[in-house]
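Student: fold the following and give me the result.
(chains A and B)
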Amino acid sequence: MELVCIVCPNGCRLDVEQRDGRVFVVGNKCKRGADFATAELTNPMRSVTSLVKTTVRGYPVISVKTDGEIPKSKIFQLMKLCDEITVSQPLPIGSVVASGVLGTDVNLVTTTNMEIANE
Amino acid sequence: MKYDVAVIGGGPAGLAAAIKASEGGASVLLIEREARLGGILKQCIHDGFGVVRFGEKLSGPEYAYRFIERLKAANVQVSLFSFVTSAVKLSDTYKITYVCKDGVKYAECSKIILATGCRERTRNGISIHGDRCAGVYTAGAAQNLVNILGVMPGKRIVILGSGDIGLIMARRLTLEGAKVVGVYEAKSTPSGLTRNIHQCLHDFDIPLYLSKTVTRVFGQSRLEKVEISDVDERMRSIAGTEQLVDCDCLVLAVGLIPENELARTLNVPLNKATKGATVDQNCQTLVDGIYACGNALHVNDLVDYVSESGEIAGAHVTLQKTERNLLPITTEGKLLYVVPQMLDTNSDFGNVVMYFRASEELTNQRLTVTACGETIFSKTYAKLLPPEMERITVDFGKARALGELTVRLEDK
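Tutor: Residues are numbered from 1 along each chain as shown, chains lettered A, B, ... in the order given. This next block holds a predicted model:
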C-alpha cells in the first residue's frame, strides 16, 4: 500500500508492504519514514497541538503540544482534557500543564511565551 | 532617530533580517504592527516548523521564540504597535513615518528591509456572489479567532481552498468541535503538501472535493448555505451543476499575495509571477538600498526559507554600498518562477540560493542553469509539484563568462 510520511515537510511517498508479520518500506529518505510506516500499520501515533484557556490578561488561550506522540485513537480524549485545563498565571514557554496524559508518559506543554504583555 | 537599517515587519523574515544586520554591526530599527513579535507564526500553533533549520518539528510560536530570544541579545531597537504610513527617499537616506502609541514618529535610515509578509485573497478577490452576511472568513482570520482569541467562527463549516492553510484549519476546527462539511478545491489537484492531506483530512475523515468551488453565499444576517458548482479545467463554473450545502461559516483559503503597498510607494519594480519585488541574489530590489525578503518577496511554504531570505538581506545590508551590475536571470520551460530574478556580478555570486516552483505537476525533470550557453548547474527531479517550492544553491563563479543567464526546466 501507499502511505505519505507525515514526520517532516518532505512528505516522502512510501511504498509499504506487510509480509510475514514484518513491514517493508521503500521511498523513505530517512529512518523516521520506516518507523512511521511500521507504526501506521500497527499502532498509529500522532503529536497533537491545541490550546488551553487562561485567565491571564491578553491571553484568552495559549498554545500547547504533546511532548511526544499519543495513539491517534486518543486525540479527542486529549481535546477533552485540554478543555478542562485553565492556566491562571503567566508561564514560561515549555511549562508542563498536564503530565502523563491519558495513561501515556507524554506531557502537555505550553508553546507560547507569556512573558510579554499582549495588549 | 538615525539608523543604518529599518526592518519593516517583525515576523520570521524581519526577525532573521534584524538579527543578522545587527550581528553584522548595523544599528537596526525593527517596526512591528502588533503587540508581540512573531508575525503569523503566533497563530500557527500546529507543528512542522523548523525541520530544515533546527532538525526538529516546532510549533509556530516556538519557532518564533527562538528568534525572539536571539533578537533580545542583539542590539535592535524594536518598536511594537507601530505602523509605517510612508517611506520617502531623501538625498541618500530614507525617511520613515510611523504611527505608534506615542503618536507619529520619524526615523531616518540608509537602508530598508521590507519584511511585510503577505495578505490573504478575500471573497471579493474571487468574486463570490450573494448576500453580505456574517460568517465568511479568510482562513487566517478564522485561525486568529480560534488560536489567539479562543473564539469559534462557526459550527458547521465549509472550507474553500486546499492549500496548507485550508487543510490545517480543517483539522483545527474539527479538533475544537466544529463539523467541517468538506474542503472544496477549484483545481483538479490538491494545493497543499501531501502530508497535510493525510494528517489533516484523512485522519479526521474530512472529505476533499476537487474541481468544485463556491459560487454564491446565502444568509439573512448569518451565513445559512453556500452554492457549490463544478468547474472546468479553466476554473470556470459549469451552469447546471449547482448544489446547496448548509453551513454557518465559510472559510476562504484561496491564496496569499505578497504585501507590497510600501514597496509600490517607493517605486520598487514588482515581478508578475511572484507578485513580490524583483531582486538580486542579496534580496536587494532594483531600487538601491531597498531589500525584500520572506513572504513579501514570494509566498513560501516553509518558514525555514523565509528566515533564510531574511538572513540573506540582513547580511548584505551591513556591506558597503557598491555600484551594482545586474544581469537578468531568464526562465525557460514549465517554471512558475525563479527567485532571484537578477544576478549582481559586482557582489559575491559563489553560492547563490535560488528558489523555484514548477508551473504544473511534472515527473522526470531536469533543471539546468546556464551562463552564455554553458551549463553551471544541473539537477534532476523525479517529481515536481507547484505547491512544493524547491531550493538550490548555484555557484555562478564556475561560469567562464557571465552573460546570458538562464534557468531551464525540461523533460529528462
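Student: I'd assumed residue A:43 was in contact with residue A:71.
Tutor: Yes. Using C-beta atoms under 8 Å, residue A:71 is in contact with residue A:43, at 6.3 Å. Every residue, glycine included, has its C-beta placed from N, CA and C.
Student: name the residues contacting each of those two.
Tutor: Counting by C-beta atoms under 8 Å, 6 or more residues apart in numbering or on different chains, no residue touches both residue A:71 and residue A:43.
Student: with neighbour numbers in mind, choose between the two.
Tutor: residue A:71 (16 against 11; other C-beta atoms under 10 Å in any protein chain shown).
Student: residues in contact with that one?
Tutor: Per C-beta under 8 Å, 6+ apart, neighbours of residue A:71: A:43-46, A:104.
Student: now pLDDT, distance to chain B and secondary structure too, for those, in TSV please.
Tutor: Putting the contacts of residue A:71 into TSV (pLDDT from 0 to 100; distance: C-beta to the nearest C-beta, whole Å; DSSP: H, G, I helix; E, B strand; the rest coil) gives the following:
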residue	pLDDT	distance to chain B	secondary structure
A:43	88	14	coil
A:44	91	8	coil
A:45	93	11	strand
A:46	93	7	strand
A:104	95	17	coil
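Student: out of those, which are buried?
Tutor: Neighbour counting with 16 or more other C-beta atoms under 10 Å in any protein chain shown marks A:45-46 as buried within the contacts of residue A:71.
Student: buried ones in stretch B:239-255, by neighbour count?
Tutor: Buried residues in stretch B:239-255, defined by neighbour count with 16+ other C-beta under 10 Å: B:245, B:247-255.
Student: residue B:362 reaches residue B:384, doesn't it?
Tutor: Yes. With contact defined as C-beta under 8 Å, residue B:362 and residue B:384 form a contacting pair (4.6 Å).
Student: what do the two both touch?
Tutor: Joint contacts of residue B:362 and residue B:384 (C-beta under 8 Å, 6+ apart) are residue B:409.
Student: and the two? Which one has more around it.
Tutor: Taking other C-beta under 10 Å, residue B:362 and residue B:384 do not tie; residue B:384 has more neighbours (21 against 18).
Student: run a quick neighbour tally on the closest residue to that one other than its chain neighbours.
Tutor: Leaving aside its sequence neighbours, residue B:384 sits nearest to residue B:358 (C-beta to C-beta, 6 or more residues apart in numbering or on different chains; 3.9 Å). Number of residues near residue B:358 (other C-beta under 10 Å) recorded here: 23.
Student: ok, residue B:358 touching residue B:365?
Tutor: Yes. Shown here, residue B:358 and residue B:365 form a contact pair, counting by C-beta under 8 Å, at 7.2 Å.
Student: need the residues touching each of those two.
Tutor: By C-beta under 8 Å, 6+ apart, residue B:358 and residue B:365 have these common neighbours: B:384, B:409.
Student: where do the strands of the stretch 301-412 of chain B begin and end?
Tutor: B:326-333, B:335-339, B:342-344, B:352-358, B:362-371, B:374-384, B:390-394, B:405-411 (DSSP state E, counting those that start in this stretch).
Student: pLDDT of the second one, averaged?
Tutor: Spelled out, that is strand B:335-339. The average pLDDT within strand B:335-339 is 97.
Student: so which elements touch that strand?
Tutor: Where contact means 3 or more C-beta pairs under 8 Å, 6 or more residues apart in numbering or on different chains; DSSP states H and E, strand B:335-339 is packed against strand B:326-333, strand B:352-358, strand B:405-411.
Student: what comes up buried for it?
Tutor: Quick answer for strand B:335-339 (16+ other C-beta under 10 Å): B:335-339.
Student: with just CA atoms, put that strand into PDB.
Tutor: What follows is strand B:335-339, C-alpha atoms only, in PDB (Å, rounded to 0.1, in the frame of the first residue of the first chain):
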ATOM      1  CA  LEU B 335       8.600  27.200 -14.400                       C
ATOM      2  CA  LEU B 336       6.200  29.300 -12.400                       C
ATOM      3  CA  TYR B 337       9.000  31.500 -11.200                       C
ATOM      4  CA  VAL B 338      12.600  31.600 -10.100                       C
ATOM      5  CA  VAL B 339      13.900  33.900  -7.300                       C
END
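Student: that strand pairs with which strands, parallel or anti?
Tutor: strand B:352-358 (antiparallel) (DSSP bridges).
Student: cool, the fifth one as well?
Tutor: Counting by DSSP bridges, the strands paired with strand B:362-371 are strand B:374-384 (antiparallel), strand B:405-411 (antiparallel).
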